[in-house]
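1. output the structure for:
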Amino acid sequence: MTARYSEAPMTIRADGPLRAALRQLADQDGTNVSEFLRRELRAMVARKRAGAAANDNGGKGDLQ
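-> Numbering: from 1, shown residues only. Here you go, the predicted structure:
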């Protein structure tokens with residue numbers, strides 16, 4: 001299975017404690033929730049790609 005990342009607009013609905021936690025993290029970071037999540041997702045994708053590149057065996061034996 002392959003995950004794909006897109007810059008397409010998305011809606012994330014969060015209520016209660018999750019919303020409060022996201023706002024707190026964004027405030028600590030000096031951004032809004034949308035920018036905070038966008039940057040965190042980019043970082044996650046970059047780490048995933050870096051790990052995949054480090055473990056690349058030319059496609060031999062990969063499960064997809």
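
2. now do the SS call for residue 18.
-> Put simply, residue 18 is helix when judged by DSSP: H, G, I helix; E, B strand; the rest coil.

3. quick one: secondary structure of the most centrally placed residue in the chain?
-> Among the residues of the chain, the one closest to the centroid is residue 41, at 2.0 Å (CA atoms, centre = their mean). Assigned state for residue 41: helix (three-state reduction, three-state DSSP).

4. host element of residue 25?
-> Per DSSP states H and E: residue 25 is located in helix 16-29.

5. contacts for that helix next, please.
-> 14, 32-33, 35-37 (CB atoms under 8 Å, 6 or more residues apart in numbering). For every residue, glycine as well, the C-beta is placed using N, CA and C.

6. are any of those residues buried, and if so which?
-> 33, 36-37 (16 or more other CB atoms under 10 Å).

7. in a markdown table: the residues you listed, plus secondary structure and pLDDT.
-> Shown next, in a markdown table, are the buried ones among the contacts of helix 16-29 (DSSP: H, G, I helix; E, B strand; the rest coil; pLDDT from 0 to 100):
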| residue | secondary structure | pLDDT |
| --- | --- | --- |
| 33 | helix | 90 |
| 36 | helix | 92 |
| 37 | helix | 89 |
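
8. still on that earlier bit, can I get the contacts of helix 16-29 in a markdown table with distance to residue 45?
-> Output for the contacts of helix 16-29, formatted as a markdown table (distance: CB to CB, whole Å):
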| residue | distance to residue 45 |
| --- | --- |
| 14 | 21 |
| 32 | 20 |
| 33 | 19 |
| 35 | 16 |
| 36 | 15 |
| 37 | 12 |
